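Q: Mind folding the following:
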Amino acid sequence: MHQEGKINNWLNYKRPCGPKCISSILEKGVAKMPEITAQSFNHVALWVKDVRKSADWYVEYLGLQEASASEHRIFLKLADGGVLALFETSDTDKIGIGVHHLAFNLPNQKKVSALETLRQQNISLLQRGPNLSFQDPDGYWIHFS
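A: Prediction:
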């Protein structure tokens, strides 16, 4: 394959390609994939039965802040900038499956008091592995890390 064909094939993947990577393609004849290093949690998206009920639960019991909302989705922001996206569906086969659990970071000194607060709010706690876990209104398991 000639140089132009190699560049066009690589660009068809729709990856950003600046002067440095084009130069690399021309010099070596092949595109080198960039190394990817994920930096932090960005978001988790969940299907829920009632988007408002679920969003209110996360705000009231876990202190998340509503970032944006539309008719069938609400995005909630965690203190560190991570996002929990809630998508409403009437398809009950989607609700509560596909995600094993959610783990939210919480300083060690605050875990016990947070669990006690949940218990006082009649949120059931269950020992699952090494963690005390609880469920949201749609059955997703949550624990603090």
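Q: where does this structure have low pLDDT?
A: Within the chain, the set of residues satisfying pLDDT under 70 comprises 1-42.
Q: which ones are touching Gln127?
A: Taking Cβ atoms under 8 Å, 6 or more residues apart in numbering, we find Gln127 in contact with Ser133. (Each C-beta comes from the backbone N, C-alpha and C, glycine too.)
Q: Pairing partners for it in the sheet, please.
A: The partner list for Gln127 in beta bridges (DSSP bridges) reads Leu132.
Q: what about it, distance to His143?
A: From Gln127 over to His143 the distance is 10 Å, taken as Cβ to Cβ, to the nearest Å.
Q: so what sits against both of these two?
A: Taking Cβ under 8 Å, 6+ apart as the criterion, Gln127 and His143 both touch Ser133.
Q: Could you give the number of residues near Val83?
A: Taking other Cβ atoms under 10 Å as the neighbour definition, Val83 ends up with a count of 16.
Q: does the spatially most central residue of the chain belong to a helix or a strand, and which?
A: With distances taken as Cα atoms, centre = their mean, the residue of the chain nearest its centroid is Val44 (2.0 Å). Taking DSSP states H and E as the criterion, Val44 maps to strand 43-48.
Q: Please apply the same query to Lys110.
A: Assigning secondary structure by DSSP H and E places Lys110 in helix 108-120.
Q: now could you export just the CA positions of that helix as PDB?
A: Only the C-alpha atoms of helix 108-120 are listed here, as PDB (Å, rounded to 0.1, in the frame of the first residue of the first chain):
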ATOM      1  CA  ASN A 108     -12.600   6.300  56.200                       C
ATOM      2  CA  GLN A 109     -13.500   8.500  59.200                       C
ATOM      3  CA  LYS A 110     -16.900   9.200  57.600                       C
ATOM      4  CA  LYS A 111     -17.900   5.700  56.500                       C
ATOM      5  CA  VAL A 112     -19.300   4.600  59.900                       C
ATOM      6  CA  SER A 113     -21.400   7.800  60.400                       C
ATOM      7  CA  ALA A 114     -22.700   7.600  56.800                       C
ATOM      8  CA  LEU A 115     -23.800   4.000  57.200                       C
ATOM      9  CA  GLU A 116     -25.500   5.000  60.500                       C
ATOM     10  CA  THR A 117     -27.300   7.900  58.800                       C
ATOM     11  CA  LEU A 118     -28.600   5.500  56.200                       C
ATOM     12  CA  ARG A 119     -29.700   3.000  58.800                       C
ATOM     13  CA  GLN A 120     -31.600   5.800  60.700                       C
END
